[in-house]
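Chemist: Below: sequence and its predicted model.
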Amino acid sequence: MKVFHLLSLQVLSLFLINANIFLVRAQDDDADDEDVSVEATAPVVPEYTPPEGAETFAFEAEVNRMLDIVVNSLYQNKDVFLRELISNAADALDKFRYLSLTEPETYKTDDADSLEINIEYDSVNKTLTIRDTGIGMTKEQLIENLGTVARSGTTKFVEALKEAGNKDAAVDQIGQFGVGFYSSFLVSNRVTVASKHPISPKQYVWESTNGASDFVVFDDPRGDTMKRGTEITLHLRDDASAYLNPSNLRSLATHYSEFVTHPIRLRTTSTMEVEVEDEEEDAGKDEKKDDVEDLDDEKNEEKTEEDDDLEIKDEESKPKKMKEVTTYSWDTLNNNKAIWTRDKDTITDDEYQGFFHLINDGDNENATSWSHFNAEGNVNFRSILYLPTNKPAAYQMGNIDTIKGAVRLYVRRVLIGDEFELLPRYLSFVKGIVDSDELPLNVNRETLQESKILKVIKKKLTRKAIELVRDFAKKSADEAKKSSEDEAEISPDGEVDVDTKKKDEVKEDKYLKWYENFSPNIKYGVIEDEPNRGKLMKLLRFQTSKSDGKLISLAEYVENMKDWQDDIYVLGGTSAEEISQSPLLESFREKDVEVIYMTETIDEYMVKHARDYERKKFVDVSAEGVKFKDEDQDLLKRREKAYQNKFKPLTKWLKKLYGSTVLRVQVAKRSLGSIPAVVSSSDFGNSANMERIMRAQAFQSDDTRMSFRIFELNPRHPLVVKLLEGCPPEDADEDKPFEPSQETIDSAWILHDMAMLNGGYPISDPIAHNKRLTKVLQKRFELDSLDLEPAIDPPVEEDEPPEPDMDFGGLNMDDFDMGSLGDDIDLDSL
């Protein structure tokens, strides 16, 4: 009996397999997501000839020329053919859905009628099929819509409804079935289109070969295989076999059509082996079973269980026959939803963050902030923009020019491209999407880049991105300020009591942390984007001489300015610590005037382009002629004139002595505090910091990076006054020229080097500088000569072996606490 049951199960499984083969072949178009199995066969592909009774029609216009344009010029990436065909299918679905709502009697539908797009591939016949359950086309529509390049049935449909006064928003989503269809010839030798319109009694086929000047239309010999819709079959070229790979198809459909409203399903195939029985052997076994049943019952009872086990063992020992079976399954490719089409009040923060991860290549880092908006006006579009938290990896290379844009462009939820420059380069870190119904879908990237509509979108998008950063900065500052106010409480005595616990919980300004990563981008925008320069400058943050290491805005600096102050004072350097030790800040500290520290390389360039902020001019502290307007200007002029006359011999002699190392020597017109001299830059030259930056760059000549150095003397410093006494007098006799002592010359050069360092410049001749300092030290220690002392000659010592180092750093009995082992351990017994 066990043998009978085993054979019965095998026969039953084989019957079910054959039944599935019949069902799949009969109802292949209605297959659902459940796996079914069919036997793999390799049919012979006959040479193509149009069927009898097919009507031949000539293409309108210059089709050969147009197809040449499509193949060689309009589309530079062959992958877009799938995007175009899916878009056309989605348009057909939208059109049927609209008509089913407006004309339900004519276009009837029920819950079982799903609106979907199915993709199938046949590796044996080298065909790719895209099928939709949309509106379909009649015979006349096939001839008209596919017989004329760039003619669109859906476009005429929209125009007819608009003429009738119907302004329903759903109509605007219907696209074109025109040039995009012909992109199928990028990868096909022949294209077959089968279509069934709901009101058409028959299903028709349109067919044409690549490069042909005509096409054929005929009744579908298969009959009405579709209730409605369109089925496009591409007979692929030999060089297009990659589109028979399910992974490639899944990747392309997901990339371009991830957010299409209707489900896109891909039929995939996989092969497996199942156990089968030979039909003749099965028949013989059935006869044998009948004979066994006719035997005497007593004889059957005499069989022992050992005989049954032996027979089963013999049956199992036979080699199993396996059969290769192909399994079909349907995978939905566009599970992600286009959240930008929803009202932003209905979208949670988690949904926004999840969508950011989706468009940010699966990065788990959350977005810092985002903006979801609908732009209305001459051009309408929807968009979501995100500010990333961390600097993108591409920014680590330091070349912002090579970084591609991170905002994807969609047309009716179909991806057009993710490399469009929708934002200026300095905002290339902003991620997001833009979806517009007004852009043409079937044009190449270069043509779309020049579209006037796209230029309007870029302008609005840039403004929104800047507003996003501005709102984020304001919100972060308000939260940090509120947290700081909550920390401090007023005691009953009227004193401010700071809660230590709350102080640790004070929120930091999130914008300042974000700004550390993206400040070069904002400053780069100040340089390049003149129309938005004022908005961008409000986003800048700097350390200052009075900010205690914190970053403040230019608006805060202006608020802290002195009443008499009209300029914004800045000073550049490699770090805030270095700048804070600059001697140039001494007089500013005396006046309690705040100075902005410019520590980034781009700061100097930005200040030169911006020039001012809210009509407050940027003034470099290291430049000549920096004056404070709180002083008596008349007194300063008289004092300046007097000093010039007094130190004229010294300035004249020093200029001759220093030569080309400085542009000119003059008495300082500003207060230098306690420093004797400083080398500053002219108003039209590079500062010391800028010269340092340019010197570090490649291919920079000395003439390009050289600044106009001005040597300024402090007329009140005793070293300068003493040097004046040793220089040649102004009325020196030319016949008996005055020769300054070598000590005076060396002192003048030491003063020169000190002034260079005070101004942030390198010493022009370090070797000569060291020699002069050596003379100073020689005189300071009263050394008659700098000759070297004789080398010492120590006595010979006998070699002694080194003492062994017994401290090996290993285990030591003292390291163990033997007392902790207790009294239970008998060490003698071990």
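Modeler: In hand now; what should we look at? Quick caveat: nothing in here was measured; it's all calculated off a predicted structure.
Chemist: so where's the longest helix in this structure?
Modeler: Longest helix in the chain by number of residues (criterion: DSSP state H): helix 452-487.
Chemist: packing partners for it?
Modeler: If you count contacts as 3 or more CB pairs under 8 Å, 6 or more residues apart in numbering; DSSP states H and E, helix 452-487 packs onto strand 367-375, strand 381-388, strand 431-436, helix 500-504, helix 510-528, helix 533-537. Quick note: C-beta positions are derived from backbone N, CA and C, even for glycine.
Chemist: for the record, mean pLDDT for that helix?
Modeler: Helix 452-487 shows a mean pLDDT of 88 in the predicted model.
Chemist: before we move on, what about stretch 614-626?
Modeler: For stretch 614-626, the mean pLDDT works out to 90.
Chemist: next one: stretch 404-422
Modeler: pLDDT averaged over stretch 404-422 gives 81.
Chemist: neighbouring contacts of it?
Modeler: Under the criterion CB atoms under 8 Å, 6 or more residues apart in numbering, residues 83, 86-87, 90, 173, 175, 255-261, 338, 341, 359, 385, 392, 394, 423, 428-437, 439-441, 445, 448-449, 454, 457-458, 461 lie in contact with stretch 404-422.
Chemist: Can you flag the buried ones in those residues?
Modeler: Among the contacts of stretch 404-422, those buried by neighbour count (16 or more other CB atoms under 10 Å) are 83, 86-87, 90, 173, 175, 256-261, 338, 359, 385, 392, 423, 428-437, 439, 441, 448, 454, 457-458, 461.
Chemist: Surely Phe381 touches Asp435?
Modeler: Yes. Phe381 is within contact range of Asp435, at 6.3 Å (criterion: CB atoms under 8 Å).
Chemist: Centre of the chain to the host helix or strand of Met694, how far?
Modeler: Met694 is part of helix 688-695, with elements assigned from DSSP states H and E. Centre-to-centre, helix 688-695 and its host chain are 32 Å apart (CA atoms, centre = their mean, to the nearest Å).
Chemist: So which elements touch it?
Modeler: strand 567-572, helix 601-610, helix 702-705.
Chemist: Turn those into CSV, including distance to Phe542, mean neighbour count and mean pLDDT.
Modeler: Shown next, in CSV, are the helices and strands packed on helix 688-695 (distance: least, CB to CB, whole Å; neighbours: other CB atoms under 10 Å; pLDDT from 0 to 100):
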stretch, distance to Phe542, mean neighbour count, mean pLDDT
strand 567-572, 8, 22, 94
helix 601-610, 8, 18, 91
helix 702-705, 25, 10, 53
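Chemist: Please identify which of these is closest to Asn77.
Modeler: Asn77 lies closest to helix 601-610 among the helices and strands packed on helix 688-695, at 36.1 Å (CB to CB).
Chemist: Which strands or helices does the closest one pack on?
Modeler: helix 510-528, strand 567-572, strand 616-620, helix 688-695.
Chemist: can you put the ones you listed in TSV and add distance to Phe647?
Modeler: Shown next, in TSV, are the helices and strands packed on helix 601-610 (distance: least, CB to CB, whole Å):
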stretch	distance to Phe647
helix 510-528	41
strand 567-572	27
strand 616-620	25
helix 688-695	24
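Chemist: Highest mean neighbour count out of these?
Modeler: Across the helices and strands packed on helix 601-610, averaging neighbours per residue (mean count of other CB atoms under 10 Å) puts strand 567-572 on top, at a mean of 22.
Chemist: For that strand, which outside residues touch it?
Modeler: With CB under 8 Å, 6+ apart, strand 567-572 has contacts from 554, 557-558, 561, 579, 582, 584-585, 588, 593-599, 603-604, 607, 612-613, 616-622, 626, 687-690.
Chemist: List the residues that contact the closest residue to Ser241 other than its chain neighbours.
Modeler: Taking CB to CB, 6 or more residues apart in numbering, and ignoring the residues beside it in sequence, Ser241 has Lys126 as its nearest neighbour in space, at 6.9 Å. Counting by CB under 8 Å, 6+ apart, Lys126 makes contact with His235, Leu236, Ser241, Leu244.
Chemist: Turn those into JSON lines, columns for neighbour count and distance to Asp787.
Modeler: Formatted as JSON lines, these follow (neighbours: other CB atoms under 10 Å; distance: CB to CB, whole Å):
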{"residue": "His235", "neighbour count": "21", "distance to Asp787": "99"}
{"residue": "Leu236", "neighbour count": "22", "distance to Asp787": "93"}
{"residue": "Ser241", "neighbour count": "13", "distance to Asp787": "88"}
{"residue": "Leu244", "neighbour count": "17", "distance to Asp787": "91"}
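Chemist: can you put those in TSV and add secondary structure?
Modeler: Listed next are the contacts of Lys126 as TSV, based on DSSP: H, G, I helix; E, B strand; the rest coil:
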residue	secondary structure
His235	strand
Leu236	strand
Ser241	helix
Leu244	helix
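Chemist: and those residues as TSV, adding distance to Glu730?
Modeler: Shown next, in TSV, are the contacts of Lys126 (distance: CB to CB, whole Å):
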residue	distance to Glu730
His235	100
Leu236	96
Ser241	94
Leu244	96
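Chemist: Of the residues you listed, just say which sits nearest to Trp370.
Modeler: Nearest to Trp370 among those, with distances taken as CB to CB, is Leu244, at 40.0 Å.
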